[in-house]
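Asks: take this sequence and fold it.
(chains A and B)
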Amino acid sequence: MAIVTTPNGFTLDDSGRRVVVDPVTRIEGHMRCEVNLDENNIIRNAVSTGTLWRGLEVILKGRDPRDAWAFVQRICGVCTGTHALTSVRAVEDALGIDIPENANSIRNIMQLALQVHDHLVHFYHLHALDWVNPINALKADPKATSELQQTVSPRHPKSSPGYFRDIQTRLRKFVESGQLGPFKNGYWTNPAYLLPPEADLMAVTHYLEALDFQKEIMTVRTIFGGKDTHPNWLVGGVPCAINMDGVQGAGAPVNMERLNYVRSVTQRTIEFVNNVYIPDILAIGQFYKGWLYGGGLASKNVLAYGDIPDKANDYSPENLMMPVGAIINGKLDEIHPVDVRDPEQIQEFVPHSWYKYPDESKGLHPWDGITEANYELGPNLVGTRTNIKRIDEGAKYSWIKAPRWRGHAMEVGPLARYIVGYAQGHEYFTDQIDRTLRALDVPLSALFSTLGRTAARALEAQWAAETQLYFVDKLIANIKAGDSATANTEKFDPKTWPSEVKGVGFTEAPRGALGHWIRIKDTRIDNYQCVVPTTWNGSPRDNEGNIGAFEASLMNTRVEVAEEPVEILRTLHSFDPCLACSTHVMSEDGEELATVKVR
Amino acid sequence: MSEQAATSGGKEPAVLVLGIGNLLWADEGFGVRAVEEMHRRYEVPDNVTLMDGGTQGIYLVQHVRDADVLIVFDAVDYGLPPGTMKLVEDEEVPRFMGCKKISLHQTGFQEVLAMAAMMGDAPRRLLLIGVQPEELEDYGGSLRAVVKAQIGPAIEKAVEELSRLGISLRRRPVPLPPESTIACPIMHSERYEGERPSAAEACRVGDPRLLADANFAPPADPEAEIEAILGRIPEGPSGGRG
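Replies: This is a model prediction of the structure:
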């Protein structure tokens, strides 16, 4: 290939040293990443491969559409609820089922609680260690840490020198016991870590506080979903009854006591985000604001479907509290409307994906989507079918399809939502962004970066927690006004369904725009297609050669130490891939350079 | 770790029996199937919780912290013949729980255990009841016969452990119907298997490179790696690089 310029404006050069990180993450299957470094260790080509057959679509064929939520929420362990919600919306759309106001409020509360929960856990437990060095925290002065804490967040009560000394002692014991656990296999001597020990200790302390606090947020979905881990969902509403005077007990209807509990959890969530999460982002951002790599597609093409309907059953942009729109070529003054039903807008391409279409020069709208596996490798592959040393990105190279919006590769996720919101003048988002930029003393352009992605997630957690409170109050008021309906079962019986229908459900999942498209034939699922956020962000090249968001975000980043690509992980993690897994870093000849832990 | 320790303090120990794994990946669903079957067969006292942990990783940490005794059902790659059941106890457990090659349940469960330990709330007693899977690369598939056959014996091991701790379970005269599962009423075995689309309709296999790749073995000697990392940390007074 040598040097080519992609239609979306990136110059790729695949000469140079090839570094392979495999697997990077387990979101939507495993992921592999290969990059070419030039003589200055700058990334000049990036290739992102989804290495796991997902096949969710095909296992749903012929099943009852009212069951689909149960399958999709077991895709992975993090955004279970958001897939279930998207699925019931798709079925309701197909069958023309309206849900009661209470069901809408409860679903929004669950979705917003999931946003905050996911963002918080992602930042502290999966992503923070790309910025924070827990081993360096052992060198911190607890008194200076206490002063730092009181400076960055005076309202946070846990700030005494003794408190930080205790945590430091615990951390030291933990490290010395040899069970480094989540901190295992980091690149703790890498010069890419920039925080002073006191900031490291403060952040590690909040890692523990967040781990403790997140359990409270989770109770919300247990109360409304009836069950912990994988909650229950229902086509037509929510599977929980309301009886305000009812008694407490497992499986009992939701009563006033539980609603008050949800309200108090929501308030504590707001406090935690305001007093811990946001101040930490600003404190860490201060030290890293000179490292503004990783923007990729963010400054060019971003997409948001919108979510959180204020009133039930109205999915128009005016009624959605999360912004809707597409921005192309960085033109913030021109926001395109997005229609998930329009066959010309969202299309998936497969010339570089391990799938087969009758005509691969064309994309397919998800309603007409085909999921037929076709694992074949290109002629320039180095290695074998079962042991790839170097993938051939000129051919098929990923299990992820390449979704495009009107032919453009798009970034989705909190940063995309915040850029669209900012461009639209969304009051709350704009105010948050402006305050953050001022606090860090950086220009708007700093938003289009890895750090911007990480900051947008924190800002969104703040918005989501406050909006959650709005819906808790709305729910309580509606119930007090005499409406206790939570489900509409009018069309639950398949006998009432037309013989052939199609529908679409969309949400904004924690990691970005999510859509499920369904066709129902003779009361059974005939075709089911999910286009998930990681499909957008992690997409391989398309037939025009446009690179996707992951690939674009890595371009032109300098890697300090090739064998310890913390910069690659930092940027990929900023898209919120999932949890820990072991990773092998390979050089081009397949020799293993290091075994690392990717968080 | 002894039974005295687990029951000390005069209080009944909080016991969590957790089934983890992904129902969609054939034998990967063993843990969930075992715990749901245990619930069908036995009534448990208030201090014992049976839980479908499903594909959840980090979000299980709270339940682990709340438990004095943790019993886990899981499909574990021991490198033994398919269907072999093997029990692992206490500090040996984490070593066996991070080695899944393709499990979609995100965090190695060892990390969840490490997080609980870091919070000072590790369960005092750990028992992993693991079964060697035969088939994982069958997406949408169910348990293979040799693995399914271990559900009953695995449950009995859990019952024995509870009995050793002085907790007796009452066997239900008639097992609960499949749809009364603590896991997912829509995905109970009969229905999950009965309504499965044909192989012609639904491709069931995956990426051969990933599914059968020896590269995914865990670190051979994690302690040595940690030592090596610690050895590289420069000594010296407080002073950041920032």
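Asks: A:His125 against A:Ala210, yeah?
Replies: Yes - the criterion here is CB atoms under 8 Å, and A:His125 meets it with A:Ala210 at 7.1 Å. To be clear about C-beta, it is placed using only N, CA and C from the backbone, and glycine gets the same treatment.
Asks: looking at the two, which is more packed in?
Replies: A direct count of neighbours by other CB atoms under 10 Å in any protein chain shown for A:His125 and A:Ala210 places A:His125 higher, at 23 against 19.
Asks: quick check: the gap between the more buried one and B:Val61.
Replies: 9 Å (CB to CB, to the nearest Å).
Asks: common neighbours of these two, please.
Replies: Residues touching both A:His125 and B:Val61 (CB atoms under 8 Å, 6 or more residues apart in numbering or on different chains): A:Leu211, B:Met115.
Asks: first-to-last residue distance for stretch A:389-399?
Replies: End-to-end distance for stretch A:389-399, by CA to CA, to the nearest Å: 17 Å.
Asks: pLDDT on that stretch, on average?
Replies: For stretch A:389-399, the mean per-residue pLDDT is 88.
Asks: tell me the buried residues in that stretch?
Replies: Going by neighbour count (16 or more other CB atoms under 10 Å in any protein chain shown), the buried part of stretch A:389-399 is A:Lys389, A:Arg390, A:Ile391, A:Asp392, A:Glu393, A:Lys396, A:Tyr397, A:Ser398, A:Trp399.
Asks: and it, anywhere near chain B?
Replies: Yes - counting by CB under 8 Å from any CB of the partner chain, chain B is contacted by stretch A:389-399 at A:Trp399.
Asks: give me the distance from that stretch to the chain's centre.
Replies: Offset of stretch A:389-399 from its chain centre (CA atoms, centre = their mean, to the nearest Å): 25 Å.
Asks: now residue 21, what are its backbone angles?
Replies: You didn't say which chain, so I picked chain A. For A:Val21, the backbone dihedrals (degrees, to the nearest 10) come out as phi -120, psi 110.
Asks: also A:Gly538?
Replies: The phi/psi pair for A:Gly538 (degrees, to the nearest 10) reads phi -100, psi 10.
Asks: tell me the pLDDT at it?
Replies: 87.
Asks: against chain B, how distant is it?
Replies: Separation of A:Gly538 from chain B (CB to the nearest CB, to the nearest Å): 15 Å.
Asks: so that residue sits right up against A:Trp399, yeah?
Replies: No - between A:Gly538 and A:Trp399 there is no contact under CB under 8 Å: 9.9 Å.
Asks: hey, what's in contact with both of the two?
Replies: Overlap of the contact sets of A:Gly538 and A:Trp399 (by CB under 8 Å, 6+ apart) consists of A:Gly50.
Asks: pretty sure A:Gly503 sits in a strand.
Replies: Yes - judged by DSSP: H, G, I helix; E, B strand; the rest coil, A:Gly503 forms part of a strand.
Asks: circling back: just the buried residues of stretch A:389-399: which are in strands?
Replies: The members of the buried residues of stretch A:389-399 that map onto strands under DSSP state E are A:Lys389, A:Arg390.
Asks: which of the buried residues of stretch A:389-399 sits closest to A:Leu12?
Replies: A:Glu393 (9.0 Å; CB to CB).
Asks: show the average pLDDT along the helix or strand B:His39 falls within.
Replies: Element membership for B:His39 (DSSP states H and E) is helix B:30-41. Helix B:30-41 shows a mean pLDDT of 95.
Asks: could you measure from A:Phe448 over to A:Glu334?
Replies: Using CB to CB, we find A:Phe448 at a distance of 17 Å from A:Glu334.
Asks: more neighbours: the two, which one.
Replies: Neighbour count, other CB under 10 Å: between A:Phe448 and A:Glu334, A:Phe448 has more, with 22 against 12.
Asks: the more buried one reaches A:Ser299, doesn't it?
Replies: Yes - look at A:Phe448 against A:Ser299 with CB under 8 Å: they come within range, at 3.7 Å.
Asks: buried ones in stretch A:378-388?
Replies: Within stretch A:378-388, the residues scored as buried using 16+ other CB under 10 Å are A:Leu381, A:Ile388.
Asks: and the end-to-end length of stretch B:113-127?
Replies: Using CA to CA, one end of stretch B:113-127 lies 12 Å from the other.
Asks: actually stretch A:536-556, not the one I wrote
Replies: 21 Å.
Asks: for stretch A:534-544, same thing?
Replies: Distance between the two ends of stretch A:534-544: 20 Å, counting by CA to CA.
Asks: buried stuff in it?
Replies: Residues of stretch A:534-544 classed as buried by neighbour count (16+ other CB under 10 Å): A:Thr534, A:Thr535, A:Trp536, A:Asn537, A:Gly538, A:Ser539, A:Pro540, A:Arg541, A:Asp542, A:Asn543.
Asks: and for stretch B:31-45?
Replies: Judged by neighbour count (16+ other CB under 10 Å), stretch B:31-45 contains these buried residues: B:31-42, B:44.
Asks: next one: stretch A:147-156
Replies: Buried positions in stretch A:147-156, judged by neighbour count with 16+ other CB under 10 Å: A:Leu148, A:Gln149, A:Val152, A:Ser153, A:His156.
Asks: identify the residues contacting that stretch?
Replies: A:158-159, A:164, A:198-199, A:202, A:274-276, A:279-280, A:282-283.
Asks: which of these are buried?
Replies: Here, 16+ other CB under 10 Å leaves A:Ser159, A:Phe164, A:Glu198, A:Ala199, A:Met202, A:Asn274, A:Asn275, A:Val276, A:Pro279, A:Asp280, A:Leu282, A:Ala283 buried among those.
Asks: and those residues, which is closest to B:Pro177?
Replies: Among those, and counting by CB to CB, the member closest to B:Pro177 is A:Val276, at 46.5 Å.
Asks: quick one: residues contacting the closest one.
Replies: When contacts are counted by CB under 8 Å, 6+ apart, A:Val276 touches A:Ser153, A:His156, A:His206, A:Glu209, A:Ala210.
Asks: reformat these as CSV; add pLDDT.
Replies: Shown next, in CSV, are those (pLDDT from 0 to 100):
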residue, pLDDT
A:Ser153, 96
A:His156, 95
A:His206, 97
A:Glu209, 95
A:Ala210, 95
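Asks: may I ask which two of the residues you listed are separated the most?
Replies: Every pair of the contacts of A:Val276 checked by CB to CB; the farthest is A:Ser153 and A:Ala210, at 13.7 Å.
Asks: centre-most residue in chain B?
Replies: For chain B, B:Asp74 is the residue whose C-alpha lies nearest the centre (CA atoms, centre = their mean; 3.6 Å).
Asks: correct me, but that residue touches B:Pro133?
Replies: No - applying CB under 8 Å as the test, B:Asp74 and B:Pro133 come out as separate, 9.8 Å apart.
Asks: now the helices for chain B?
Replies: Ranges of helices within chain B are B:3-7, B:30-41, B:61-66, B:93-96, B:109-118, B:145-148, B:151-164, B:189-194, B:208-211, B:222-232, based on DSSP state H.
Asks: ok, now the stretch 101-250 of chain A?
Replies: Assigned by DSSP state H, counting those that start in this stretch, the helices in the stretch 101-250 of chain A fall at A:101-121, A:142-152, A:161-176, A:197-225.
Asks: low pLDDT regions in chain A?
Replies: A:1, A:23-31, A:51-56, A:75-79, A:178-182, A:184-185, A:227-229, A:246-252, A:386, A:577-599 (pLDDT under 70).
Asks: so what are the domain limits for it?
Replies: Domain segmentation of chain A under automatic domain parsing yields A:3-129+A:211-598, A:130-210.
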